[in-house]
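1. I would like the atomic coordinates for the input below:
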Amino acid sequence: MTIKRAAVLLDYCSFYIAGVDEVSVPLDHDLRGVVASDNCINVSALPWNEGETTITLGRFEELPPQAALPRFDGVLRTPEYRVDLFDANMPEILSMEVPDARTRVRIWMNRPLCPDDVIIALG
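-> Purely as a prediction, here's the structure:
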């Protein structure tokens with residue numbers, strides 16, 4: 001697999017990570033920056049009027065080591081053996097195939113809310 005990157009202007013202040021189609025997005029009422037259900041992860045992002053959010057997606061083993069602990073470390077159901085990143089108006093930001101029906105996801109952000117740099121490690 002390769003490391004994938006995208007710089008996006010998001011209409012809303014978050015994007016979503018899912019391993020199945022037709023998910024209910026968990027809402028971040030407490031402004032934690034990342035909230036998750038078994039099927040979807042809601043990740044804070046920079047508002048569109050403040051600039052692009054750079055998103056990096058890759059296998060944990062292929063990404064450079066991070067100095068800090070991840071902001072999120074959990075498991076996502078991936079019965080379709082893929083992970084899709086999207087937002088309300090963009091059906092696909094990035095996607096990656098995964099080998100298992102459950103995938104560990106770790107997320108690093110340069111700020112707890114409204115980050116402009118997000119790294120997502122799978123596996």
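2. what's near enough to touch Leu94?
-> Leu94 makes contact with Lys4, Arg5, Ala6, Ile55, Leu57, Asp84, Leu85 under the criterion Cβ atoms under 8 Å, 6 or more residues apart in numbering. Where you see a C-beta, it was placed from the backbone N, CA and C, and this is true even at glycine.
3. report the secondary structure state of Asn49.
-> helix (DSSP: H, G, I helix; E, B strand; the rest coil).
4. quick one on the thing from earlier: restricted to buried residues, select the contacts of Leu94 in ChimeraX.
-> Restricted to buried positions by 16 or more other Cβ atoms under 10 Å, the ChimeraX selection for the contacts of Leu94 reads:
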select :6,55,57,84,85
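5. looking at the contacts of Leu94, which is nearest Pro91?
-> Closest approach between these and Pro91, by Cβ to Cβ: Asp84, at 8.5 Å.
6. one step back: so of the contacts of Leu94, which two are at opposite extremes in space?
-> Pairwise over the contacts of Leu94, using Cβ to Cβ, the maximum falls at Arg5 and Asp84, 15.8 Å.
7. correct me if wrong, but Val75 is in a strand.
-> Yes - Val75 forms part of a strand when assessed by three-state DSSP.
8. hmm, Glu22 and Glu80 touching each other?
-> No - at 11.2 Å, Glu80 and Glu22 do not qualify as touching, with contact defined as Cβ atoms under 8 Å.
9. looking at the two, which is more packed in?
-> Taking other Cβ atoms under 10 Å, Glu80 and Glu22 do not tie; Glu80 has more neighbours (14 against 6).
10. wait, is the more buried one part of a helix?
-> No - assigned with three-state DSSP, Glu80 falls outside any helix and is coil.
11. separation between it and Asp21?
-> Applying Cβ to Cβ, to the nearest Å, the value for Glu80 to Asp21 is 7 Å.
12. how far away is the residue nearest to Glu61 when sequence neighbours are not counted from Val20?
-> Nearest non-adjacent residue to Glu61, counting by Cβ to Cβ, 6 or more residues apart in numbering: Gly123, 6.9 Å away. Distance, Gly123 to Val20, using Cβ to Cβ: 18 Å.
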